[in-house]
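> when you get a sec, could you give me coordinates for this:
(chains A and B)
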Protein chains: 2
Amino acid sequence: MTAADFAVLPVYRAAVEASWIDYNGHLRDAYYGVVFSDAVDAVMDHLGLHAEYRERTRCTLYTLEQHTHFLHEVKHTDALQVTSSILDADGKRIHLGGRFEVDRRDAGLITVATSEVMLLHVRQGEKPATAAFPEDIAAVIQALKLSPGESTAWGPRSRALELKRR
Amino acid sequence: MTAADFAVLPVYRAAVEASWIDYNGHLRDAYYGVVFSDAVDAVMDHLGLHAEYRERTRCTLYTLEQHTHFLHEVKHTDALQVTSSILDADGKRIHLGGRFEVDRRDAGLITVATSEVMLLHVRQGEKPATAAFPEDIAAVIQALKLSPGESTAWGPRSRALELKRR
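Next up is the predicted model:
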């Protein structure tokens, strides 16, 4: 298997549980995070950072930061999916973006949220320490990384949260 | 009751459920969001944006954006609490910050994560629309708002997520 076999990250299809709907009648903000965490697990499996790898190497990914934009309400009846993109990456970090989409028939597939995470490759143990990705996995990650232009066009992107006066 | 009675927001104490611990042995990233969402509900109750208010006015808060910094691992045995601060606010928006803390005995109370949300006051219905806070609640919010200096010192703060080359 070569890096080219991983050219597209799998789309993660989420099952929205009834208990995730809040008193506003929509998917509660926190559960976008649960859905994305599951989507990141699927991305890790795809990249080769799966359970067997984690057990064998004691290496895993830690989430350092996350920024989410909530754009449209998600209802219990919506079929929710997350398309992940590697916005950037180096030898031990992945800047991953997730686009949350639902099919609204008339309007087609609309983006209801975006979320970015900064993920760090860590070797666990007495004292967890950052670790470089193995060469084969690093090659897969680099092959999947968006071009700078694609990455810039992806959005809405993370930014400093502030209350702009209008 | 006057705005002065609300001078400090309540500290939210979270019960970390065993199912929230991931394969890394720590509180899974997504569940910081679940904890903070519950903490925000407690803040809403404190501000008077409680269930009775929501039913009577059809108004509620929508989360527009969220940015979280994961600073230290949280274990199942940790007593986790969230201290919320109003970093900024105007007539219909609250920029709320949550400081996640655990008591590590030797090290004392340490900040294990911070999260910021931008919350918008919305009147629900056929077509949800932004709505100004009622005067009494607006006064409470303004009385609780940190000074610009305190707000600047609060952190780590939200920022554009990017992979800085080292």
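> pretty sure residue A:37 contacts residue B:29?
Yes. Counting by C-beta atoms under 8 Å, residue B:29 is a contact partner of residue A:37 at 5.8 Å. All C-beta spots, glycine's among them, are computed from the backbone N, C-alpha and C.
> what about residue A:164, how many neighbours?
Around residue A:164 there are 6 other residues, counting by other C-beta atoms under 10 Å in any protein chain shown.
> how far away is it from chain B?
Distance, residue A:164 to chain B, using C-beta to the nearest C-beta, to the nearest Å: 10 Å.
> quick check: that residue vs residue B:93, distance?
10 Å (C-beta to C-beta, to the nearest Å).
> before we move on, which element is residue A:112 in?
Secondary-structure assignment from DSSP states H and E places residue A:112 in strand A:109-123.
> that strand and chain B in contact?
Yes. Under the criterion of C-beta under 8 Å from any C-beta of the partner chain, chain B is reached by strand A:109-123 at A:116-118.
> ok, the residue nearest to residue A:12 when sequence neighbours are not counted to chain B distance?
Nearest residue to residue A:12 in three dimensions, chain neighbours excluded: residue A:39, at 3.8 Å (C-beta to C-beta, 6 or more residues apart in numbering or on different chains). Relative to chain B, residue A:39 is positioned 10 Å away (criterion: C-beta to the nearest C-beta).
> so is residue A:39 in a helix, a strand, or just coil?
What DSSP: H, G, I helix; E, B strand; the rest coil gives for residue A:39 is helix.
> how many neighbours does it have?
Considering only other C-beta under 10 Å, residue A:39 is surrounded by 24 other residues.
> overlap of the contact sets of residue A:164 and residue B:93?
Common neighbours of residue A:164 and residue B:93 (criterion: C-beta atoms under 8 Å, 6 or more residues apart in numbering or on different chains): none identified.
> please enumerate the helices of chain A.
Along chain A, counting by DSSP state H, helices occupy A:29-47, A:51-57, A:135-144, A:148-153.
> tell me the most buried of the ones you listed?
Here the criterion is mean neighbour count by mean count of other C-beta atoms under 10 Å in any protein chain shown, and of the helices of chain A the winner is helix A:29-47, at a mean of 21.
> pLDDT below threshold where in chain A?
Along chain A, segments meeting pLDDT under 70 span A:1-7, A:166.
> how near is the residue nearest the centre of it to residue A:49?
Chain A has residue A:98 as the residue nearest its centroid, 4.3 Å off, counting by C-alpha atoms, centre = their mean. Residue A:98 is 16 Å from residue A:49, where distance means C-beta to C-beta.
> next one: residue A:55
Per C-beta to C-beta, residue A:55 is found 12 Å from residue A:49.
> of all the helices of chain A, which one is nearest residue A:83?
Closest to residue A:83 of the helices of chain A, according to C-beta to C-beta: helix A:29-47, at 8.7 Å.
> for the residue nearest to residue A:12, give me its contacts.
A:12, A:14, A:82, A:84, A:98.
> around the second one, how many other residues sit close by?
Close neighbours of residue A:14, defined as other C-beta under 10 Å, add up to 22.
> what separates stretch A:59-75 from the chain centre, distance-wise?
7 Å (C-alpha atoms, centre = their mean, to the nearest Å).
> ok, that stretch near chain B or not?
Yes. Contact of stretch A:59-75 with chain B (C-beta under 8 Å from any C-beta) involves A:60, A:62-70.
> make a markdown table out of those and add neighbour count.
Output for the residues of stretch A:59-75 next to chain B, formatted as a markdown table (neighbours: other C-beta atoms under 10 Å in any protein chain shown):
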| residue | neighbour count |
| --- | --- |
| A:60 | 23 |
| A:62 | 17 |
| A:63 | 22 |
| A:64 | 17 |
| A:65 | 22 |
| A:66 | 28 |
| A:67 | 26 |
| A:68 | 25 |
| A:69 | 23 |
| A:70 | 23 |
